[in-house]
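S.K.: Got a sequence here, can you model it:
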Amino acid sequence: MNSQQLDYGTILIVDDNPANLDVLSDFLDSSGFEVLVAQDGTSAIDKVNYAPPHLILLDIMMPGIDGFETCRRLKANPDTQEIPIIFTSALADTVDKVKGLSLGAVDYITKPFQQEEVLARVRLHLKLYFIGQELAQQNLLLEQRVSERTAKLNQVIQELQTAQVQLIQSEKMSSLGQLVAGVAHEINNPVNFIFGNLTHANDYTSSLLEIIKTYQDKYPDPDDELQETLEELELDFLIEDLPKLLRSMQVGAERIREIVLSLRKFSRIDEAELKAVDIHDGIDTTLMILHNRIKVRSSSPAIEILRDYGELPNVECYSGQLNQVFMNLLANAIDALEEKRDRRESTSITITTRRVAENRVRISIADNGLGMEEAVRDKIFNPFFTTKPIGKGTGMGLAIAYSIVVEKHNGSLMCLSQRGQGTEFVIEIPCVQDSRATAAPEVQKVQG
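M.R.: Residues are numbered from 1 along each chain as shown. Down below sits the predicted model:
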């Protein structure tokens, strides 16, 4: 605030003496200030509340409430406490001056006074007042900037943490894919060898059993030595059990081949680009991998898996990443059912798929667990938020799943849950990705 601006401030003069009011108001008005007047403390307070001045010249001895009480009330009001007050009084005792200053006044001028002295003090305190106001404004702006930059810094830190975890997760998935490919390759060769030769072994065994049967028909009465050997070897049991044994071996070999195929489908290491795939195949593959967590345990029943599959076209997606989403959601559903399983109550996961538009499919994964509170449900997609014990989860599974569905596939992921009524996750993604799309549509993360 420059000196010219200081001569345009608003000053309120409070004095019960009309002569004093006239002299001061005329002088300050001629000096360039806007002048307001009041003849008692009550009317002064009213004027200050209606149109706050930049400075107050306040007499002490007045009818009604005196200047000290007027000052005390103004300083007690947060809206008026910053206005500088200069006492103008005939009371010249030190005790009065100390009392006035202790109430919050910035100065004390005793009557009679010199007009130039009043003008000098008015200008000084107006300058200090305007400087204080400017500093307060600068502090406010500084605090806002610090707050904004702190918020941006926190956001950047969170984004870096999320990116770091996603990078680690992607590296894990890549390593898993390479490991699965190596294991599948190493297992496939001996399994295919066993599986292929089981057919021949079954044929050879059938031929040998046919020869034995022919011998039994031609020579129904073997000698004692042969009869003893047949009894020791339990030939009748061997003839009955050997085909069963070979069939069991064939079933086991087929199961190993299915598991290896499921692992390869889940990792999809050779499908890093967009590709149209069967969504149901990805879900079933994930369920097969989780079979050990779903099946009957010694202390709890199996989780019932209910499939309600609709007619879906092949969906263009990053199949390995989408399978990771299925894995996270299904694993969370299994975790949500643990408490009910421990009580040996009925548990189920219902998987529903539908085509909801020409270019959009919906996949729903719902459990009949305990559900979750609103405070928890509202945070489940936040990075690093987890309700699991330390060491049991990073809090990134659902955040990554959300990122894959929304950012990678231009879709939506919602959570529908209430305490005591289970939880349902709903995925919606396009059947065909629009390569021209630059941003995912606005979606609702969480819904009650």
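
S.K.: So which residues of the protein form helices?
M.R.: Counting by DSSP state H, the chain has these helices, from start to end: 3-6, 18-30, 41-50, 67-76, 94-102, 115-218, 224-233, 235-267, 279-289, 291-294, 319-336, 338-342, 374-377, 397-403.

S.K.: right, so of those helices, which gets closest to Glu273?
M.R.: In terms of C-beta to C-beta, the element of the helices of the chain nearest to Glu273 is helix 319-336, at 9.8 Å. C-beta: built from backbone N, CA, C; applies to glycine.

S.K.: Show me what the closest one is packed against.
M.R.: With contacts defined as 3 or more C-beta pairs under 8 Å, 6 or more residues apart in numbering; DSSP states H and E, the packing partners of helix 319-336 are helix 115-218, helix 235-267, helix 279-289, helix 291-294, strand 348-357, strand 360-367, helix 397-403, strand 423-430.

S.K.: Next, the angle from the second one to helix 115-218.
M.R.: Put plainly, it is helix 235-267. Counting by axes from the mean of the first three to the mean of the last three C-alpha atoms, to 10 degrees, helix 235-267 lies at 160 degrees to helix 115-218.

S.K.: Would you mind getting the angle between helix 235-267 and helix 279-289?
M.R.: Computed by the same axes, to 10 degrees, the angle between helix 235-267 and helix 279-289 is 120 degrees.

S.K.: Which other helices and strands does helix 235-267 contact?
M.R.: Packed against helix 235-267, as judged by 3+ C-beta pairs under 8 Å, 6+ apart, are the following elements: helix 115-218, helix 279-289, helix 319-336.

S.K.: Also compute the angle for the first one relative to helix 224-233, please.
M.R.: It stands for helix 115-218. Angular relation of helix 115-218 and helix 224-233 on a 0 to 180 degree scale: 160 degrees, by the same axes, to 10 degrees.

S.K.: other SSEs contacting helix 115-218?
M.R.: helix 3-6, helix 18-30, strand 55-58, strand 85-89, strand 107-110, helix 235-267, helix 319-336, helix 397-403.

S.K.: Give me the mean pLDDT for it.
M.R.: Computed over helix 115-218, the mean pLDDT rounds to 80.

S.K.: Give me the nearest residue to Pro313, chain neighbours excluded.
M.R.: Taking C-beta to C-beta, 6 or more residues apart in numbering, and ignoring the residues beside it in sequence, Pro313 has Cys431 as its nearest neighbour in space, at 5.5 Å.

S.K.: With Gly282 as the reference, measure out to the one you found.
M.R.: 14 Å (C-beta to C-beta, to the nearest Å).

S.K.: contacts for stretch 99-106?
M.R.: For stretch 99-106, the surrounding residues in contact (C-beta atoms under 8 Å, 6 or more residues apart in numbering) are 58, 60, 67-68, 71-72, 75, 81, 84-87, 89, 108, 125, 128.

S.K.: Pick out whichever of those residues sits closest to Asp378.
M.R.: Of the contacts of stretch 99-106, the one sitting nearest to Asp378 (C-beta to C-beta) turns out to be Gln81, at 41.1 Å.

S.K.: Verify the stated contact: the closest one with Arg73.
M.R.: No. In this structure Gln81 lies outside contact range of Arg73 using C-beta atoms under 8 Å: 10.0 Å.

S.K.: Pick out whichever of these two has more residues nearby.
M.R.: The residue with the greater number of neighbours, taking Gln81 and Arg73 and applying other C-beta atoms under 10 Å, is Arg73; the counts read 18 against 12.

S.K.: can you pull the contacts of the closest residue to that one other than its chain neighbours?
M.R.: By the measure of C-beta to C-beta, 6+ apart, the closest residue to Arg73 outside its immediate chain neighbours is Ile45, 6.0 Å from it. With contacts defined as C-beta under 8 Å, 6+ apart, Ile45 is in contact with Thr70, Arg73, Leu74.

S.K.: Distance of Ile45 relative to Lys75?
M.R.: Here Ile45 is placed at a distance of 11 Å from Lys75 (C-beta to C-beta).

S.K.: again, but for Gly397
M.R.: Gly397 sits at a distance of 58 Å from Lys75 (criterion: C-beta to C-beta).

S.K.: Neighbour count: these two, which is higher?
M.R.: Neighbour totals were compared for Gly397 and Lys75, and Gly397 leads with 20 against 16 (other C-beta under 10 Å).

S.K.: Is it correct that that one is in contact with Asn328?
M.R.: Yes. Counting by C-beta under 8 Å, Asn328 is a contact partner of Gly397 at 4.3 Å.

S.K.: ok, what's across the strand from Ser89?
M.R.: Thr110 (DSSP bridges).

S.K.: Now do it, the pLDDT please.
M.R.: Each residue has a pLDDT score; the one for Ser89 is 87.

S.K.: I'd assumed Gly67 was in contact with it.
M.R.: Yes. Between Ser89 and Gly67 there is a contact at 6.8 Å, judged by C-beta under 8 Å.

S.K.: what about those two, which has more around it?
M.R.: Just comparing Ser89 and Gly67: by other C-beta under 10 Å the higher neighbour count belongs to Gly67, 27 against 23.

S.K.: pretty sure the more buried one contacts Ile86?
M.R.: No. Under the criterion of C-beta under 8 Å, Gly67 lies out of contact with Ile86, with a separation of 10.7 Å.

S.K.: Check whether Ile429 really touches Asn410, as I assumed.
M.R.: Yes. Between Ile429 and Asn410 there is a contact under C-beta under 8 Å: 7.2 Å.

S.K.: More neighbours: which of the two?
M.R.: When Ile429 and Asn410 are compared for neighbours, Ile429 comes out ahead with 25 against 18, by other C-beta under 10 Å.

S.K.: If the more buried one is in a bridge, with which residues?
M.R.: Applying DSSP bridges to Ile429 gives these bridge partners: Val361.

S.K.: contacting residues around it?
M.R.: Neighbouring residues of Ile429 by C-beta under 8 Å, 6+ apart: Val315, Cys317, Leu322, Arg360, Val361, Val405, His409, Asn410, Gly411.
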